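K.L.:
Take a look and give me a structure for this.
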Amino acid sequence: MQSDISLARVKQFPRLMWILLFGSFITRGSYYMVWPFLAVILYERFGLSATNVGLILSSAALLSVLVSFIGSALSDRIGRQKMMYGAGVLYIISFSLLAEADSVAGFALVITLCSIATSLWRPLVSALIGDIIHESQTRELAMQSLYFIVNVGCAVGPIAGVWLGLTGEQSSFYITTVAFAILLLLLWWGFVNHEFTQATHPGQFGEEGNTANSGSDDQAASGMRHTLRVLASDRLLQSLILANVICMFIFGQMDGSLVQYLSRAGVPNVLELISSMIFANAMIIITCQFLLLKLMAHWSLVKRIQVALVLLIASQLWMGLNPVDLFWGWIGAVIVMSLAEAVLFPTMNVHIDRIAPRHLRGAYFGASSFYEFGFALAPLGGGIVLDLLNGSWLFLGCAALTLLVMYLYSKLENLSRPDFATERVEH
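P.N.:
Numbers count the residues shown, from 1 in each chain. Prediction:
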């Protein structure tokens with residue numbers, strides 16, 4: 001199936017989709033004013049080793065992945081609205097607490113809550129897009145647009161933080177809580193005014209009288225067992241998850257390990273360099289994402305991903321060989337990595353959307369949250385390598401791991417899948 005980028009497609013977005021886009025912009029922008037600098041805060045305030053910082057970030061992320069999968073699968077049963085409201089409230093509470101944390105234990109606990117809220121929210125939004133937009137090409141463009149607007153927020157956030165003097169300031173997390181409160185109010189209004197059609201699977205929104213509210217606990221448990229059985233028999237999904245876990249481990253080095261590496265190496269103007277890399281990353285995605293999508297519109301998803309993986313290998317080799325104090329060398333490596341990301345990340349969501357059966361969309365997007373195991377393990381794995389070896393070994397190793405990802409993607413189309421029609425009838 002080829003992609004279609006046109007104004008006519010954009011005009012088909014429902015009002016609720018525009019709310020998701022606006023909300024993603026304001027929440028991501030405020031989030032990126034300070035979150036990437038957490039590793040610096042923990043190092044400078046408490047003098048923690050790279051491994052200890054990585055352990056805090058990885059432990060929080062690992063727990064959040066498990067919670068995210070359960071929450072996303074339950075959203076098919078108890079309703080997307082209720083799960084999103086719950087995740088949003090947790091977001092507001094946890095980020096408010098993060099603005100006030102003043103001990104290692106406090107940071108560890110609150111970072112875990114923040115990670116859980118974030119990991120719950122992302123797959124719920126992706127599943128909701130599938131619920132409210134039924135035409136496949138329009139839905140693909142909506143997912144590409146969501147990723148685009150998130151990166152606009154990522155670009156604006158660090159720069160706005162610099163202008164406001166908030167970059168790396170813990171108190172700026174209060175801005176994130178206000179942004180999310182605004183988003184929840186807009187979502188409530190959007191849900192109330194959106195006309196949900198019969199094409200939407202019952203139970204996804206939790207209306208009165210539907211299966212979300214009328215089923216017994218035994219039925220819910222049976223449904224969860226059925227979902228797990230289907231996921232366990234989908235070999236394509238399992239291989240896709242493994243490939244993307246490795247891929248996310250590689251990308252995750254930029255958020256934690258690269259920042260630690262540069263901070264501990266005594267790079268001049270390290271905060272300026274980190275902000276510049278975040279800005280360059282976001283700007284490349286903003287300017288190139290739809291251009292690349294247009295150029296690759298007639299390519300299969302797997303072919304697009306393989307090309308992006310070649311760029312990813314090049315970026316990791318560049319980082320591994322770049323002199324630590326060469327400012328523009330780091331920016332150049334991030335630009336190449338960002339080109340890979342501009343293709344890979346939105347394509348991953350589209351890939352899941354195409355392989356997921358309608359009645360298990362929440363479960364499949366929840367299963368895709370296992371990708372986050374890669375991000376979760378990245379700070380710990382990277383921290384250990386930094387303590388035992390150095391940054392060059394870390395990035396050269398990531399280049400080698402990318403070759404494994406390419407191999408896994410090359411085998412995807414030959415893997416077995418369940419008969420979803422039969423599974424649903426039996427259930």
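K.L.:
pLDDT-wise, which helix or strand of the protein ranks last?
P.N.:
helix 211-214 (a mean of 42; mean pLDDT, DSSP states H and E).
K.L.:
Give the full set of residues in contact with residue 188.
P.N.:
Contact partners of residue 188, counting by CB atoms under 8 Å, 6 or more residues apart in numbering, are residue 85. Glycine gets a C-beta too; all of them are placed from N, C-alpha and C.
K.L.:
What's the separation between it and residue 182?
P.N.:
Distance of residue 188 to residue 182, given as CB to CB, to the nearest Å: 11 Å.
K.L.:
Next: residue 141.
P.N.:
With CB to CB as the criterion, residue 141 and residue 182 are 25 Å apart.
K.L.:
Would you mark the buried spots in stretch 124-140?
P.N.:
124-133, 137-140 (16 or more other CB atoms under 10 Å).
K.L.:
for the stretch 101-250 of the chain, which spans come out with low pLDDT?
P.N.:
Along the stretch 101-250 of the chain, the model assigns pLDDT under 70 to residues 159, 161-169, 196-228, 230.
K.L.:
give me the low-pLDDT residue ranges for the stretch 301-427 of the chain?
P.N.:
Residue ranges of the stretch 301-427 of the chain with pLDDT under 70: 362, 416, 419-427.
K.L.:
do that again at 50, thanks
P.N.:
Scanning the stretch 301-427 of the chain for pLDDT under 50 picks out 425.
K.L.:
Straight-line length of stretch 292-306, end to end?
P.N.:
Terminal residues of stretch 292-306 are spaced 14 Å apart (CA to CA, to the nearest Å).
K.L.:
and residue 182, how far is that from residue 40?
P.N.:
Taking CB to CB, one finds residue 182 at 28 Å from residue 40.
K.L.:
Which one's more surrounded, the two?
P.N.:
residue 40 (19 against 14; other CB atoms under 10 Å).
K.L.:
Just confirm the more buried one contacts residue 273, I think it does.
P.N.:
No - the criterion here is CB atoms under 8 Å, and residue 40 misses it with residue 273 at 11.4 Å.
K.L.:
what's the offset of stretch 329-336 from the middle of its chain?
P.N.:
Relative to the chain's own centre, stretch 329-336 is displaced by 21 Å; criterion: CA atoms, centre = their mean, to the nearest Å.
K.L.:
Correction: the previous question concerned stretch 262-281.
P.N.:
22 Å.
K.L.:
Report the mean confidence score over that stretch.
P.N.:
Averaged across stretch 262-281, pLDDT comes to 83.
K.L.:
again, but for stretch 53-64
P.N.:
pLDDT averaged over stretch 53-64 gives 80.
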